[in-house]
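K.L.:
I'd like to go over a predicted model; first the sequence, then the structure.
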There are 2 protein chains.
Amino acid sequence: MDIDIQLIEQSKIDSVDFNNLNFGRTFSDHMFTCDFKNGEWTNPRITPYAPFTLEPSARVFHYGQAVFEGMKAYKDDNDDIFLFRPDENFDRINKSAERLAMPPVAEDVFFEGLKKLLHLEKKWIKKGLGNSLYLRPFIIATEGAIAASPAEEYKFMIICSPAQSYYGGDVRVIIAEKYSRSADGGVGYAKAAGNYAAQFYPTSLAHKEGYQQIIWTDASTHEYLEEAGTMNIFFRIGDKLITAPNNDRILDGVTRKSIIQLAKDNNIDIEVRRVTVSEIKDAARVGELKEIFGSGTAAVINPIKGFKHDKDSFELADQENSYARFFKEKLLNIQYNKSEDKHGWRVKI
Amino acid sequence: MDIDIQLIEQSKIDSVDFNNLNFGRTFSDHMFTCDFKNGEWTNPRITPYAPFTLEPSARVFHYGQAVFEGMKAYKDDNDDIFLFRPDENFDRINKSAERLAMPPVAEDVFFEGLKKLLHLEKKWIKKGLGNSLYLRPFIIATEGAIAASPAEEYKFMIICSPAQSYYGGDVRVIIAEKYSRSADGGVGYAKAAGNYAAQFYPTSLAHKEGYQQIIWTDASTHEYLEEAGTMNIFFRIGDKLITAPNNDRILDGVTRKSIIQLAKDNNIDIEVRRVTVSEIKDAARVGELKEIFGSGTAAVINPIKGFKHDKDSFELADQENSYARFFKEKLLNIQYNKSEDKHGWRVKI
Ligand SMILES: Cc1ncc(COP(=O)(O)O)c(C=O)c1O
Ligand SMILES: Cc1ncc(COP(=O)(O)O)c(C=O)c1O
């Protein structure tokens, strides 16, 4: 595949304060773009990161045909660059695309675009545990026509945003009782753009009550705990770790599946099964609920300090041997080439 | 409100074949745009219809913050121009916006933008029952930041597309048994962009089986009939007309509520209540299901010739005194200023 490359004249990297990054607000010098036209991916190119033009009638604006991925590039002490299980993101963006009647991205477009871009943006990946270059591949429907049917033209793009170790402060959550993230038979398992906007309003109501996020429950009964806005969720009862099984409402998280594997590798009792709200509340009442944490590419592991459901709220005590810390360290060590990687998750670029 | 106006140099209207319009593919000469920045709507302007630029990180691409409306402008024999219940569209776009944590459009921005634009695009509205200028107001999140939270910046735009009387051929539908359009507590009642892309894939499966559309059922039980992709649905059993009540999964259609009112005005027995799949199938089996039709701005009334559910499929016989035709005529006569308008639905521009 021939990628056309147009370099920036002057890097903006010197104007960036890498010690004070606001997540997702700073972008690197270049971006990758490839168009889908006449049934094929065409004109792969790297250009300066810059605004681009679209028809006001582009279907992405009207019918939400848009899917994305979130990945990170890590640098070790030798300046080598790594991705973490990128095949998973490639497979997932194409599962998402299929559900939204969008064409799958070709494998070479995805991977060669990504690699070439990362080689150009090397300097944007800073060393040090927690530092990374967040990568955002996405596909949008660009065809200008407002008939409510799938577009014939798309753009696949990759943009890059330098990120620091993510600490969003203490996180307390509300367990959803009224609003829902997704339906059975819906698009919850896809990383579809529309799934995220749908969560903003209920999340803003949670903020007003002093909670940072929502743990979504199944839309039919609100009894089963599913996942949070951008994280899968784990519960530790006693020494047992529990997480909900995948279904068509839940995003099949790469971090989640890695934790499940690491738990098995480390003889931690892990159950992938439905978890009810009452089980968690009962466990919390008798002091058996030791931890709740979220898992996702952005934060790796996000410990949850407390939760609210109905009229009840609970605080979780700090654990000396926290699973959250254990898995976070294991994952970071693999991602930053500091430990053995027996499953071959780390991919050198 | 001062609207800045920049006119096209040369209208493209002469290149348009108004007798061969493909829905939503031709746009008029101008468009209206207003930006939301620093907490307010600013810089309302009319400019030539043209592509515009956005950051690759604009939130609409990543998180689907996008809502829209669909309206039509009609011309009567005196060259007067009318809208149909535009207040309903204004209220609804703001309900949609609220659910997606987007700012409501200001009333003067919406209506003055619309009026000024229509005055400029007068020639694009052709006389004759069925001809109209389809109007697409929409709001998109433009702020360039890929944190999963509501944007601070938006664009409200109105684009116009000339439309002919809409006849999509015979329509047969599948009643949904597996896929869903929306969840309880979700965004189904909003005209949110993501709701539409979510329907494309299941609809493409229906196409493969020879059906044009899907009638969605509730996601929990798939027993209750709700609405179609861009239409509300009415069932006629005997001489009784039935349509599902609004809930948070169903779009509160302007055409639907007008039909309910017209039914009352004309002593047609109308019930707004939950309708089950088995009720409809049972009625079809004994020949009591006389009609099914969809209602929506684009097609006004769309008769449905047959449907499939599970292993059963049904064809509906043509009715001599069809409710579908009756309501379509009533609505068109009001919209085109050919009959009395006792509820004040018609608004002269
Ligand atoms: C809804 C949702 N759940 C879970 C996750 C976690 O997935 P991953 O571990 O692949 O980042 C994400 C994405 O980051 C997400 O958007
Ligand atoms: C999902 C959905 N249902 C119903 C309708 C019909 O609504 P209205 O009659 O206001 O056009 C529409 C819009 O056109 C729609 O998008």
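P.N.:
That came in fine, so what should we check first? Ligands and ions are numbered 1, 2, ... in the order given.

K.L.:
alpha carbons only for contacts and neighbour counts from here, please
P.N.:
Noted.

K.L.:
you'd agree A:Tyr201 is in a helix?
P.N.:
Yes. Looking at A:Tyr201 with DSSP: H, G, I helix; E, B strand; the rest coil, it is inside a helix.

K.L.:
what sits against it?
P.N.:
B:Glu98, B:Arg99, B:Leu100, B:Ala101 (CA atoms under 8 Å, 6 or more residues apart in numbering or on different chains).

K.L.:
quick one: which of the residues you listed sit in strands?
P.N.:
Of these, none are assigned to strands by DSSP state E.

K.L.:
quick one: which of these is most hemmed in?
P.N.:
B:Leu100 (26 neighbours; other CA atoms under 10 Å in any protein chain shown).

K.L.:
what pLDDT does it get?
P.N.:
Listed pLDDT for B:Leu100 reads 98.

K.L.:
same deal with A:Gly168?
P.N.:
pLDDT, read off for A:Gly168, is 68.

K.L.:
just the helices in the stretch 201-349 of chain A please.
P.N.:
Assigned by DSSP state H, counting those that start in this stretch, the stretch 201-349 of chain A shows helices spanning A:254-265, A:277-285, A:323-335.

K.L.:
avg pLDDT for the longest one?
P.N.:
Averaged across helix A:323-335, pLDDT comes to 97.

K.L.:
which of the residues in that helix are buried?
P.N.:
A:Tyr323, A:Ala324, A:Arg325, A:Phe327, A:Lys328, A:Lys330, A:Leu331, A:Leu332, A:Ile334, A:Gln335 (16 or more other CA atoms under 10 Å in any protein chain shown).

K.L.:
now the residues you listed in JSON lines, with distance to ligand 1?
P.N.:
Listed next are the buried residues of helix A:323-335 as JSON lines, based on distance: CA to the nearest ligand atom, whole Å:
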{"residue": "A:Tyr323", "distance to ligand 1": "17"}
{"residue": "A:Ala324", "distance to ligand 1": "14"}
{"residue": "A:Arg325", "distance to ligand 1": "16"}
{"residue": "A:Phe327", "distance to ligand 1": "13"}
{"residue": "A:Lys328", "distance to ligand 1": "12"}
{"residue": "A:Lys330", "distance to ligand 1": "15"}
{"residue": "A:Leu331", "distance to ligand 1": "11"}
{"residue": "A:Leu332", "distance to ligand 1": "13"}
{"residue": "A:Ile334", "distance to ligand 1": "15"}
{"residue": "A:Gln335", "distance to ligand 1": "13"}
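
K.L.:
widest-spaced pair of these?
P.N.:
Distance extremes for the buried residues of helix A:323-335: the farthest pair is A:Tyr323 and A:Gln335 at 18.0 Å, using CA to CA.

K.L.:
so which residues on the stretch 1-150 of chain A come close to ligand 1?
P.N.:
A:Gly70 (CA under 6 Å from any ligand atom).

K.L.:
which stretches of the stretch 1-150 of chain A form helices?
P.N.:
A:59-63, A:86-99, A:107-120.

K.L.:
columns distance to chain B on top of these, output as JSON lines?
P.N.:
Shown next, in JSON lines, are these (distance: least, CA to the nearest CA, whole Å):
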{"stretch": "helix A:59-63", "distance to chain B": "4"}
{"stretch": "helix A:86-99", "distance to chain B": "6"}
{"stretch": "helix A:107-120", "distance to chain B": "15"}
